[in-house]
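**Student:** Sequence unavailable; structure follows:
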């Protein structure tokens, strides 16, 4: 499925309005029926052939079309409100939908956005923590975030009080990008004191919600928000948190999503350090003392951005790497042409080009073309 038109979006909202139908069941149904309109037109016996669809649930799906006009009107109203506040809707089938988020177990089908994604947002780190940080936690957040954004890393957090707000503010202060994932509708700013920060992020980053306009920030919304925070990120840094804090949940979600988790150690006997110390003790998080530790831990995933700040003259090159660089001095070349000019096999060229990419000296373009950074 490509980008949904209004009628297709209406059908998706209609299907999701059916009690006990969520993203997972929608995916199961689409695997069989290919299109949402086919799902809504199917009979009960056909629907029951899908995993997780009981006779009762199939009957509800069949009856859904009877209130399609109501869903259509509600969606029209929702879109108008979003346009008024500068928001929009994207779905998991849109090109704009973040690729990292698509890879988690249960990505949302619908996101509400303010602001625009940037190519560099693919290289993001989540920074989360307690709503009641110590001065130590605030200082460490400011320092590490400042160092990360200098390496073109986007900072993701949840716009909550405390560490989240410090992380967003520090990213903006240092002319970096930041993304806020909220647990309410885009028309409800929570906490209210973050209105100025909310508007700054909207202009210089992205505000994301899984919840439609009008949704208040109920407690049950935040676990869903937290899986998006970790799902958008290559790794999650936990600054300070109690054992029962929401940041611990974000860390567990990151681990479930096969993402890296980092934590800053804290003083014993301090509630705000209990969670981070436990993550480190259990081996669930890597102990870090600086942004450099994070960059080292994610080197292969972050090489397209961190490589730009490595001075080329400081890199030791092999004879073969030098030969390849010399033939790329004037223009981008196809891998076959590089092999021809260097008198190396294609496989040898690829090995050395990969090494040069790691060193931040060469960039791969579409069609197996390569160029000097």
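**Tutor:** Done, it's in. The model shown is predicted, which means the values in this text are computed figures rather than measured ones.
**Student:** With residue 145 as the reference, measure out to residue 174.
**Tutor:** When C-beta to C-beta, to the nearest Å is the yardstick, residue 174 and residue 145 sit 7 Å from each other. In short, each C-beta sits where N, CA and C put it, glycine included.
**Student:** Which one's more surrounded, these two?
**Tutor:** residue 145 (29 against 15; other C-beta atoms under 10 Å).
**Student:** What's the per-residue pLDDT of the closest residue in space to that one that isn't next to it in sequence here?
**Tutor:** Nearest in space to residue 145, with sequence neighbours left out and distances taken as C-beta to C-beta, 6 or more residues apart in numbering, is residue 170 at 4.0 Å. Per-residue confidence (pLDDT) for residue 170: 98.
**Student:** what about residue 170, how many residues close to it?
**Tutor:** Using other C-beta under 10 Å, residue 170 is surrounded by 23 other residues.
**Student:** how much space between residue 286 and residue 296?
**Tutor:** Applying C-beta to C-beta, the value for residue 286 to residue 296 is 10 Å.
**Student:** Would you mind telling me which of those two has the busier surroundings?
**Tutor:** residue 286 (17 against 13).
**Student:** Helix or strand: which one has residue 69?
**Tutor:** helix 68-85 (DSSP states H and E).
**Student:** Quick check: next helix or strand after that helix?
**Tutor:** strand 87-91.
**Student:** Run through the stretch 151-300 of the chain and note the low-pLDDT ranges.
**Tutor:** For the stretch 151-300 of the chain, the stretches with pLDDT under 70 are 300.
**Student:** what ranges do the helices span in it?
**Tutor:** Secondary structure of the stretch 151-300 of the chain by DSSP state H, counting those that start in this stretch: the helices cover 163-173, 195-204, 221-231, 246-256, 271-281, 291-297, 299-306.
**Student:** and the helix holding residue 69, which residues are buried?
**Tutor:** Residues of helix 68-85 classed as buried by neighbour count (16 or more other C-beta atoms under 10 Å): 68, 71-72, 75, 78-79, 81-82.
**Student:** distance between it and the chain's centre?
**Tutor:** Relative to the centre of its chain, helix 68-85 is centred 26 Å away, using C-alpha atoms, centre = their mean, to the nearest Å.
**Student:** what sits against the residue nearest to residue 145?
**Tutor:** By C-beta atoms under 8 Å, 6 or more residues apart in numbering, the contact set of residue 170 is 141-142, 145-146, 149, 155.
**Student:** quick one: the strands in this protein?
**Tutor:** Here the chain has its strands, by DSSP state E, at 87-91, 110-115, 124-128, 154-157, 178-182, 206-209, 235-238, 260-263, 286-287, 333-334, 362-365, 369-372.
**Student:** Was I right to think residue 336 contacts residue 346?
**Tutor:** Yes - under the criterion of C-beta atoms under 8 Å, residue 336 makes contact with residue 346 at 6.8 Å.
**Student:** Name the residue closest to the centre of this structure, please.
**Tutor:** residue 232 (1.2 Å; C-alpha atoms, centre = their mean).
**Student:** which ones are touching that one?
**Tutor:** By C-beta under 8 Å, 6+ apart, the contact set of residue 232 is 98, 100-101, 121, 124, 126, 156, 179, 181, 208.
**Student:** Neighbours of residue 54, how many?
**Tutor:** Residue 54: 11 neighbours (other C-beta under 10 Å).
**Student:** Over to residue 50?
**Tutor:** Using other C-beta under 10 Å, residue 50 has 19 other residues around it.
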